[in-house]
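Trainee: Generate coordinates for the sequence data below:
(one chain, ligands or ions: 1)
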Amino acid sequence: MVAHLLTNACLLGWALYLVVRLVWKSSPLPPGPPGWPLIGNLLDVRTLADAPYKMLGAMSSPIITLRALGARYIILDSSKVAEDLLEKQSPITSNRPHFTLGGELVGYNKATGFLQYGDTHRKHRKLFNQHIGIKRSLVVFYPTVEAEAKQFVCNLLKNPDDLNVHCRRTAARCVFRISHGYSVKHDGDLFQEMSNRALHIVFTASATGFLVDLLPILQYLPEWFPGCGFHKDTKRWRKIVDDAVNIPHEFVLEQLAKGDAEPSFTSRLLQQGLTPEDEEILKWASFMMHLGASDTMPSMLLAFFRAMTMYPEVQKKAQAEVDSIVGDDRLPTMEDRDALPYVNAICMEILRWNVVLPISGHVSTKDIHYEGYLIPKGSFLLPNIWFILSNPETYQDPERFDPERFLGEHQQPDPREACFGWGRRACPGARLAESMLFIYVATALATLNVSRYVENGVECVLTYEFEEGLLRRIKPFKCRITPRSKGDLLEG
Ligand code: HEM
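Mentor: Numbers count the residues shown, from 1 in each chain. Predicted coordinates:
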C-alpha cells in the first residue's frame, strides 16, 4: 500500500515537473528581426560588430534577439532592461564570451575584462574597488592627474596641431604613473611601446580568432594544417603580451627594493605583501588599466575639444565659471569640483555625447525568465549603451552637445548610470576616469581658447561625426588652440 502511494506521488511529482519545464521552456525568445535561411541574422550581427549604432533602436521592443550560427545575441535597448538583467540578476549575467585565440592562446583570459566570472574575477574587482574605486584611496593620485593635465596643456600649446597625438600620449602617461609609478620619458619609450603593441594585439587577435573561436579544435592541430597558420602569430603575440604584463611589474619591484618607488596601484599593493597567486592577479589588473583607458580617455579629451570648437557659447560660459571660482593665480584642482557645476555638466555631456564603447558583452550562465520571455543559458547579453544615451525620448535633440540638460529643474538622466555599464562587470575605472576628465577639462578651460581652424582664410565647420567600428572613435579634426591670459601659470 505504502509502496503504491509512493509510486503514485513520484509519478505525480514527475508529471508536474514536466509541465513546469514545458511551460518554462515554451516561453518565447525576445522578438527580433527576421533572419535569412541558414545564416539567420548573421548580417545584422556583422553590422552590430562594425557599426553597432547603425542598427540599434531599429525595433520598437527594448529587448531584441538576433540569431546566427547557433548563438543568441540579446540586445538590451533600455536602461531599465539593462539594469533588470545585468544589475538585479548579476550573479547569472556577469560572465564574458570565451575567446580561444585572444584569450587562451595569447593570454588575455587573465586580464580583468576577459576573465570568466568567478573567484579570480572577484579578486581583480576587489583590488580595483579598494585602490581606485573609493575616493579615500583615489585622492592619492589627484596630484599626479593635476600635474599631467598641466603638462598636457603645455605640450599642446607648443604644438597645437598635434591634438590627437597629445591626447593619446597624456592618457598613457597618466595611467602609467597611476598603475606602476612609471614616468613615460619620450616618444618611443620602451614601456609605452610594449603596452601599445600588447593592446593592439587584443584587437587583431579577436578579429583573426573568429575561426578558432568557432572551431576550438583548431588550436590542437599543427601549424601546417590548413587554417592553423595563426599558431605562428600566437607565440609571438603571447610573448609581447607577457612582456607588457611582467616588465613594468618588475620595474616596480626594483624601485621598491631601492626604496625609490612612486606611490602607485602596484606599489601600494605589493607593499601589503601578496601571495604569488595574488601577485599574478595584480600584474594583470595593472595591465588592464591600460587597456581600459587607452581608447576611452583620449577619445573623451578629443570630444571635449570638438565640442568646444562646435559650441563656443558653452566654452565661454564654462570659462566664466572657472575664472570666478579659481581666480587667475592658480590652476583648478579636484578640490574645486563641487563648486563648478557647469564644468561638471560638460563632463557628463561628454560621457553621453561621445560613447566610445557603444556596446558591451556579457554571457548568461542560467536560463532567465524575463517579462514573459526566455533568455536561455549561454546567450550573449549586449547592453546597447549608445542607443540608451542617444534615445531622443530620453535626451532631447541627442546630437546636440548641451550641458544644460543636466542642470536646473527638469534634468535628463545622468549618463554615468549607463556609459560605464551595469552590474558586476561595470567599469571599475569609472571614478578614476571621471576625475581625470574633470581635471583635464577644467585645466584646459582655464588656460586655453579653442576655436574653429582657419584654412586659406576660411573657417572649418565641424559636425557631429564619428568613425565606424566596435569602438566609436572621434574622426580626426582640426581646431585652433591658443593660450588664455593664464598661460604664465604653465611655466615652471
Ligand atoms: C570615460 C572613460 C571610460 C569609459 C566610458 C569606460 C566604459 C567601460 C565599459 C562600458 C565597460 C564594460 C562594462 C560591462 O561589460 O558591462 C568597461 C569595462 C572596464 N573598464 Fe572602463 N571605461 C572608461 C575608463 C576606464 C579606465 C580609466 C580604466 C582604468 C582603470 C577602466 C578599466 C576597465 C576595466 C578593468 C573593465 C573591465 C571590467 C570587468 O570586466 O570586470 N576603464 N569600461
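
Trainee: Which element, helix or strand, includes Gln151?
Mentor: helix 142-158 (DSSP states H and E).

Trainee: Can you give me the buried ones in that helix?
Mentor: Tyr142, Thr144, Val145, Glu146, Glu148, Ala149, Lys150, Gln151, Phe152, Val153, Asn155, Leu156 (16 or more other C-beta atoms under 10 Å). For every residue, glycine as well, the C-beta is placed using N, CA and C.

Trainee: That helix vs the ligand: in contact?
Mentor: No: with C-beta under 6 Å from any ligand atom as the criterion, the ligand is not reached by helix 142-158; the gap is at least 10.8 Å.

Trainee: what's that helix packed up against?
Mentor: helix 163-180, helix 430-447, strand 448-452, strand 479-483 (3 or more C-beta pairs under 8 Å, 6 or more residues apart in numbering; DSSP states H and E).

Trainee: what residues does stretch 119-126 touch?
Mentor: Stretch 119-126 is contacted from outside by Ser94, Thr112, Leu115, Asp278, Ile281, Trp284, Ala285, Met288, Arg424, Pro428, using C-beta atoms under 8 Å, 6 or more residues apart in numbering.

Trainee: Can you give me the buried ones in that stretch?
Mentor: Thr120, His121, Lys123, His124, Arg125.

Trainee: With stretch 349-362 instead?
Mentor: For stretch 349-362, the neighbour count (16+ other C-beta under 10 Å) marks 349-360, 362 as buried.

Trainee: I'd like the average pLDDT over that stretch.
Mentor: The average pLDDT within stretch 349-362 is 94.

Trainee: what about it and the ligand, any contact?
Mentor: Yes: using C-beta under 6 Å from any ligand atom, stretch 349-362 comes into contact with the ligand via Val356, Leu357, Ser360.

Trainee: quick one: which of those residues is nearest to the ligand?
Mentor: Ser360 (3.5 Å; C-beta to the nearest ligand atom).

Trainee: can you list the residues of the stretch 351-492 of the chain near the ligand?
Mentor: Applying C-beta under 6 Å from any ligand atom, one finds that the stretch 351-492 of the chain approaches the ligand through 356-357, 360, 419-422, 425-429, 432-433.

Trainee: Compile the residues you listed into a markdown table and extend it with columns for secondary structure.
Mentor: Shown next, in a markdown table, are those (DSSP: H, G, I helix; E, B strand; the rest coil):
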| residue | secondary structure |
| --- | --- |
| Val356 | coil |
| Leu357 | coil |
| Ser360 | coil |
| Cys419 | helix |
| Phe420 | coil |
| Gly421 | coil |
| Trp422 | coil |
| Arg425 | helix |
| Ala426 | coil |
| Cys427 | coil |
| Pro428 | coil |
| Gly429 | coil |
| Leu432 | helix |
| Ala433 | helix |
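
Trainee: Could you pull out the buried residues of stretch 235-245?
Mentor: For stretch 235-245, a neighbour-count test (16+ other C-beta under 10 Å) marks Trp237, Arg238, Ile240, Val241, Asp243, Ala244, Val245 as buried.

Trainee: swap that for stretch 401-421, please
Mentor: For stretch 401-421, the neighbour count (16+ other C-beta under 10 Å) marks 401-403, 405-406, 412-413, 415-416, 418-421 as buried.

Trainee: what sits up against that stretch?
Mentor: Contacts for stretch 401-421 (C-beta under 8 Å, 6+ apart): 79, 82, 86, 307, 310-311, 314, 318, 341-342, 344-346, 348-349, 351-353, 355, 360, 383, 385, 388-389, 394-396, 426-427, 430, 433-434.
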